[in-house]
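> give me a 3D structure for the following:
(one chain, ligands or ions: 2)
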Amino acid sequence: MSHVYQAVGWSPQKRKYDLLIVLCMVVYLCGFTGITVATQPHVTFETLLLRATGSLAFLMLSFILAIGPLARLSPRFLPVLYNRRHLGVATFLVALVHGAFAILQFHALGDVNPLTSVLSSDGSFGDGGAFPFQPLGVIGLGVLFLMAATSHDFWLANLTPRVWKGLHMTVYGAYAVLLGHVALGALQGEGKEYLWPVAGAVAATVFALQLYAGLAERRRDRAAIDPSGGPDDLGSHEGTASSGAVPEGFVRTVVAGEIPDGEGRVVPLGGERVAVFRNGTEISCISNVCRHQMGPLGEGRIIDGCITCPWHGFQYDPVTGCAPPPFDDRIDTYDVAIQDGFVWVNPVANPLGTASRTARLPVVVQAATPSGETP
Ligand code: HEM
Ligand code: FES
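Ligands and ions are numbered 1, 2, ... in the order given. Below you'll find the model as predicted:
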């Protein structure tokens, strides 16, 4: 939880996960080799290595991009999501073997500088069909390197989660570029026409999963802020709380009494997602994004008085957003109020580390029995 570099700590579970990654990679490479040797005996070892590592890297990258939506659709995929970074680094290493080998085989033995050669040798930029596909591979590999190099928590903490996330979102651009690399390479190579529809189908599956999970999440967000499930959305509630206890600008979110004690509810707020938590009768609101690896805090629970991230257990005070000592992580908090049974949240975050305004659920007073005792 600090901003100084610490070596990666391997837990037995992470070791098992890494072993599984290596096993799957070996099975794929052996399977690919077996099928190629059986169906295309004329293919040389160099070409085989290039194709096996290229296709493996592309499939691994596709799977990485599918893990997020899969985990949103089913919690069974959450363990894979927690350890996605190891898969990312492994993907870069496989892609590196592929790229380095391609440069060695096709570009390192001539008079031209290998980098100049790889960027200029195949096709011409004006020609769609013969557009140079290898420079696209170089760009994709460069982005994968950036992802792998900044995957450690040290970079997440020092770059800030927002910048880090922005940087890592470029992987989608890299994926599109690599799809171009595979499709154009296949169109330009003889007997590889089957490859671009296969790569296209894989990419379309990833895209469909992203879209489906995004729409499902949107539906859940709407249901969270509008328990009637009607067409009302967040905008229609905004600013209507000028009278009574709720200050101007607060936004209506969830029904306060529906949050179970010790749990949270994730709600959309001004383009972000925040988590409204209940600790006994106290209602508070914090950012939904964990400082560690951006886990969804709203899906966590309150343990020992602290909101505990469901992914790896980082903890935050529900009122101040500060991690308990000796840790120094802090997340955004938002002021809340309760009116008409709803939790209203100020969309402007408090300065980091300051105590937020919380609200108390009304205490239900039981009616006294005729004998004077409360049941
Ligand atoms: C320095 C970067 C790269 C270079 C120079 C490069 C070069 C090549 C070349 C020359 C081929 C044609 C191989 C053949 O003749 O069959 C190829 C194919 C391919 N590359 Fe790359 N590549 C690079 C990066 C990448 C990356 C980062 C990925 C994926 C993550 C990738 C995925 C593929 C795939 C899937 C194929 C098709 C394999 C097949 O024919 O079965 N490449 N690449
Ligand atoms: S993401 Fe790892 S503890 Fe929250």
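> what's around the residue in the stretch 51-200 of the chain that ligand 2 sits nearest to, how many residues?
For the stretch 51-200 of the chain and ligand 2, the shortest gap (CB to the nearest ligand atom) falls at Tyr82, measuring 7.3 Å. For glycine as for every other residue, the C-beta is placed from the backbone atoms N, C-alpha and C. When neighbours are counted by other CB atoms under 10 Å, Tyr82 registers 19.
> what's the answer for Phe101, then?
Phe101 has 15 nearby residues by other CB under 10 Å.
> look up how far Cys285 lies from it.
Distance of Phe101 to Cys285, given as CB to CB, to the nearest Å: 52 Å.
> now Arg218
20 Å.
> tell me which of these two has more neighbours.
Cys285 (33 against 11).
> for the nearest residue to the more buried one once chain neighbours are set aside, give me its contacts.
Nearest residue to Cys285, sequence neighbours excluded (CB to CB, 6 or more residues apart in numbering): Tyr334, at 4.2 Å. Each residue near Tyr334 by CB atoms under 8 Å, 6 or more residues apart in numbering is listed here: 269, 274, 285-286, 345-350, 356.
> flag every residue of the chain that's near ligand 1.
47, 50-51, 54-55, 57-58, 61, 95, 98-99, 102-103, 106, 118, 134, 137-138, 140-141, 144, 178, 181-182, 185, 189, 192, 195 (CB under 6 Å from any ligand atom).
> filter the residues you listed down to the buried ones.
Buried members of these, counted by 16 or more other CB atoms under 10 Å: 50-51, 54-55, 57-58, 61, 95, 98-99, 102-103, 106, 118, 134, 137-138, 140-141, 144, 178, 181-182, 185, 195.
> among these, which lie within helices?
Of these, the ones assigned to helices by DSSP state H are 50-51, 54-55, 57-58, 61, 95, 98-99, 102-103, 106, 118, 134, 137-138, 140-141, 144, 178, 181-182, 185, 195.
> any idea how far His312 is from Pro79?
From Pro79 to His312 the distance is 12 Å (CB to CB).
> and for Gly321?
In this view, Gly321 and His312 are 18 Å apart by CB to CB.
> contacting residues for Gly341?
Neighbour list for Gly341: 255-257 [criterion: CB under 8 Å, 6+ apart].
> for it, grab phi and psi.
Main-chain torsions, Gly341, degrees, to the nearest 10: phi 80, psi -10.
> how far away is it from Val255?
Counting by CB to CB, the separation of Gly341 from Val255 is 6 Å.
> try Gly180
When Gly180 is compared with Val255 (using CB to CB), they lie 48 Å apart.
> for Val276, give me its contacts.
Val276 neighbours (CB under 8 Å, 6+ apart): 253-254, 259, 264-265, 267, 283-285, 298, 336, 343, 345.
> same question for Gly185.
Going by CB under 8 Å, 6+ apart, Gly185 touches 133-134, 137, 192, 195.
> go on, Gly189?
Leu195.
> quick one: low-confidence ranges for the chain?
1-12, 122-130, 221, 224-245, 363-375 (pLDDT under 70).
> just to revisit the earlier point, could you dump the contacts of Gly341 to TSV with neighbour count?
Shown next, in TSV, are the contacts of Gly341 (neighbours: other CB atoms under 10 Å):
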residue	neighbour count
Val255	16
Ala256	23
Gly257	14
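> got the buried residues for the longest strand belonging to the chain?
In the chain, taking DSSP state E as the definition, the longest strand is strand 272-279. For strand 272-279, a neighbour-count test (16+ other CB under 10 Å) marks 273-279 as buried.
> what about the nearest residue to Leu209 once chain neighbours are set aside, which helix or strand?
Nearest in space to Leu209, with sequence neighbours left out and distances taken as CB to CB, 6+ apart, is Pro69 at 4.2 Å. Secondary structure from DSSP states H and E places Pro69 in helix 45-73.
> then Ile307?
Using DSSP H and E, Ile307 falls in strand 306-308.
> that strand: how far from the chain's middle?
Here strand 306-308 is found 21 Å from its chain centre; the criterion is CA atoms, centre = their mean, to the nearest Å.
> ditto for stretch 34-54
Relative to its parent chain, stretch 34-54 has a centroid offset of 34 Å by CA atoms, centre = their mean.
> contacts for that stretch?
By CB under 8 Å, 6+ apart, the list of residues contacting stretch 34-54 reads 28-29, 32-33, 94-95, 97-98, 101-102, 105, 182.
> between all of those, which two are at the greatest distance?
Across the contacts of stretch 34-54, the longest distance by CB to CB is 21.3 Å; it joins Tyr28 and Gln105.
> show me this protein divided up by domain.
Using automatic domain parsing, the domains assigned to the chain come out as 12-222, 240-360.
> chain center to the last one, what's the gap?
Using CA atoms, centre = their mean, the distance from the centre of domain 240-360 to the centre of the chain it belongs to is 21 Å.
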